[in-house]
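K.L.:
got a predicted model here, sequence first, then my questions.
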Amino acid sequence: MRKILLLVILISTGVMADSLQVYSSVFGSYGTYSDGTNSKSGSVFLTTGLNYRHHLTIGYDYLYKDGGIWGYKQQFGTAGVTLNFDPFYAKFSYGHINGKYDDTTGYISYDYLNIYSAEVLLREKSFYFGAGINHMYLNGFEKRNINQVTARVDYYGGYTWYLSVRPVYTMLTTDNSVSSMGSKNKRNLLSVALKFNYLLTPGWVGKLGGSFGKRAYYYDNDLYTIYNQDENQEMMLSAGIDWYATWRTVINISYQYNKFDGYDVNYLIAGVKISW
């Protein structure tokens, strides 16, 4: 059930027509946990665009976590649409996770998570103001309802820099808690996520990101990723760089640090994106 899916662009191709654009992508990630666990994941995404305005994305992710005496395999399918009626925008997405846990004693358990996400945005000059909600239901060893109220303020400083501030309020309840920790039965968490991109020099873009405060099961409706570890995520820091080798090819190298309640996770990320 514990999982992070980091979008790391490895290979991407796109096919463009006068009114229809098609992009396919493959992603991967590798993580090391402070308790000795490691994780590997790979993703495939297909995006179609209509007149560069409306976009439909479908994706599939496979994750494996190796804890030594236990293993966890997870499949994550997602689909989303972004509608552009400038200055109004709307984003809708759905995701479904199938997970399987097993250990050396022969014990096996399964979990299923459904994700529903909706967001509306308004553009005012270079600002984008958004508000949305994510609803998730986990059916597994424990059953959980998760609701997230999200907001965002994005600013585009021309082609030079970009800043995004996104507060998230998470409400989590557990229907059949088997834990003696009563605080896990009901949680109300608040966090703020930040993203900052800056054009260092033509062809090179530096990226910084972070999350401060507490959150759990955080779903990013831009990247179609979810941190679905059960423990509270207390902090996230990231840094990376994009190199535009050609106008069609982007090479990315980045690093991410995550602090959860009880352990830390480090990710090294590298990838390539090709589009036309």
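P.N.:
That came through fine.

K.L.:
quick one: strands adjacent to the host helix or strand of residue 29?
P.N.:
Take DSSP states H and E as the rule and residue 29 turns out to sit in strand 20-33. Paired with strand 20-33 in the same sheet, following DSSP bridges, are strand 9-16 (antiparallel), strand 38-50 (antiparallel), strand 263-274 (antiparallel).

K.L.:
okay, those strands in JSON lines with distance to residue 250 and mean neighbour count next?
P.N.:
The C-beta positions use only the backbone N, C-alpha and C, and glycine is treated the same way. Shown next, in JSON lines, are the strands paired with strand 20-33 (distance: least, Cβ to Cβ, whole Å; neighbours: other Cβ atoms under 10 Å):
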{"stretch": "strand 9-16", "distance to residue 250": "7", "mean neighbour count": "16"}
{"stretch": "strand 38-50", "distance to residue 250": "15", "mean neighbour count": "18"}
{"stretch": "strand 263-274", "distance to residue 250": "4", "mean neighbour count": "18"}
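
K.L.:
got CSV for those, with mean pLDDT and distance to residue 137 too?
P.N.:
Output for the strands paired with strand 20-33, formatted as CSV (pLDDT from 0 to 100; distance: least, Cβ to Cβ, whole Å):
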stretch, mean pLDDT, distance to residue 137
strand 9-16, 40, 30
strand 38-50, 91, 22
strand 263-274, 89, 25
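
K.L.:
could these go into CSV alongside distance to residue 152?
P.N.:
Listed next are the strands paired with strand 20-33 as CSV, based on distance: least, Cβ to Cβ, whole Å:
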stretch, distance to residue 152
strand 9-16, 22
strand 38-50, 21
strand 263-274, 23
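
K.L.:
closest to residue 138 out of those strands?
P.N.:
Set against residue 138 and scored by Cβ to Cβ, the strands paired with strand 20-33 come closest in strand 38-50, at 18.9 Å.

K.L.:
using CSV, list the CA coordinates for that closest one.
P.N.:
Taking C-alpha atoms only, strand 38-50 is exported to CSV below (Å, rounded to 0.1, in the frame of the first residue of the first chain):
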residue,chain,number,x,y,z
ASN,A,38,14.0,0.1,-2.2
SER,A,39,11.4,0.8,-5.0
LYS,A,40,11.4,0.8,-8.8
SER,A,41,8.6,1.9,-11.0
GLY,A,42,7.9,2.4,-14.7
SER,A,43,5.1,4.3,-16.4
VAL,A,44,3.6,4.7,-19.9
PHE,A,45,1.5,7.7,-20.9
LEU,A,46,-0.4,8.6,-24.0
THR,A,47,-1.7,12.2,-24.5
THR,A,48,-3.8,13.5,-27.4
GLY,A,49,-4.3,17.2,-27.9
LEU,A,50,-6.9,19.0,-30.0
